[in-house]
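Engineer: got a structure for you, letters missing:
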């Protein structure tokens, strides 16, 4: 009987906690939607900034993990008498701790966050509003298709270029550095965007309300921003190696 009472109390506690968590989530969602109504541009820009920064932190963690695995492989293959030599295969970038492991490059993450707040959020907010004004096709399927085509062949080329331009400016690059970054990254990034965003936009343009499309875009940007940030970091590393040589 005592055991049954304990089980009932445990189930009741779990139910209360679950209900509390659910009510907290609902309250947070209501607050977010209220912010969207009252300050749509600021809310979307802030959301873009936070999610893109999180994406970069996760990307850097993956980069450090891959670099650590490469170092382990190099250590396994090192010649006798060369155990103390350093591995040239570190691709993690960023500062290092006293133990020698790479830390997160918060300057890089800050650049990504600023890019989200000043470019990605505002331009996405304006673009989705413009699409609704320009595309007035009554047929739902044709409307979705028209928005997808415009997004892929008008919006994507501009935003991919804008991302690398913003990053170059924040890194202190001049016109030559901006042009070099675009030459190195724009074509591959645009090709990747054409394999990623059109499928994602079937849901975005077909089912997501206009005011929530930037949020949907941001959630997928957890993957997309990480990819762009990695491309940019790879370009910066190659540029640094070229300067050293």
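Structural biologist: Nice, I can see it. The model shown is predicted, which means the values in this text are computed figures rather than measured ones.

Engineer: going on from the helix or strand of the chain with the lowest mean pLDDT, what's the next piece of helix or strand?
Structural biologist: Across the helices and strands of the chain, mean confidence by mean pLDDT, DSSP states H and E is lowest for helix 2-38: a mean of 68. Downstream of helix 2-38, the next assigned helix or strand under DSSP states H and E is helix 40-76.

Engineer: I'd like the next helix or strand past that following helix.
Structural biologist: helix 106-115.

Engineer: what's in contact with whatever helix or strand comes next after that next one?
Structural biologist: Sequence order places helix 121-134 as the next helix or strand after helix 106-115, per DSSP H and E. With contact meaning CB atoms under 8 Å, 6 or more residues apart in numbering, helix 121-134 is reached by 40-41, 44-49, 147, 150-151, 155, 158-159, 162, 205, 210, 213-214, 217. In this view, the C-beta of every residue, glycine as well, is placed from N, C-alpha and C.

Engineer: which residues touch residue 50?
Structural biologist: Per CB under 8 Å, 6+ apart, neighbours of residue 50: 113, 116.

Engineer: Chain neighbours aside, what residue packs nearest to residue 225?
Structural biologist: residue 55 (4.0 Å; CB to CB, 6 or more residues apart in numbering).

Engineer: wait, the one you found sits on residue 228?
Structural biologist: No. Judged on CB atoms under 8 Å, residue 55 makes no contact with residue 228 at a distance of 9.0 Å.

Engineer: tell me the pLDDT at the residue nearest to residue 225?
Structural biologist: You'll see residue 55 listed with a pLDDT of 95.

Engineer: Within its local environment, how many residues does it see?
Structural biologist: Here the count is done by other CB atoms under 10 Å, and residue 55 has 23 residues near it.

Engineer: how much space between it and residue 219?
Structural biologist: 10 Å (CB to CB, to the nearest Å).

Engineer: And for residue 146?
Structural biologist: 24 Å.

Engineer: Point out where this structure drops to low pLDDT.
Structural biologist: For the chain, the stretches with pLDDT under 70 are 1-21, 69-102, 241-245.

Engineer: what's residue 238 sitting at in phi/psi?
Structural biologist: Dihedral pair for residue 238: phi -60, psi -40, per degrees, to the nearest 10.
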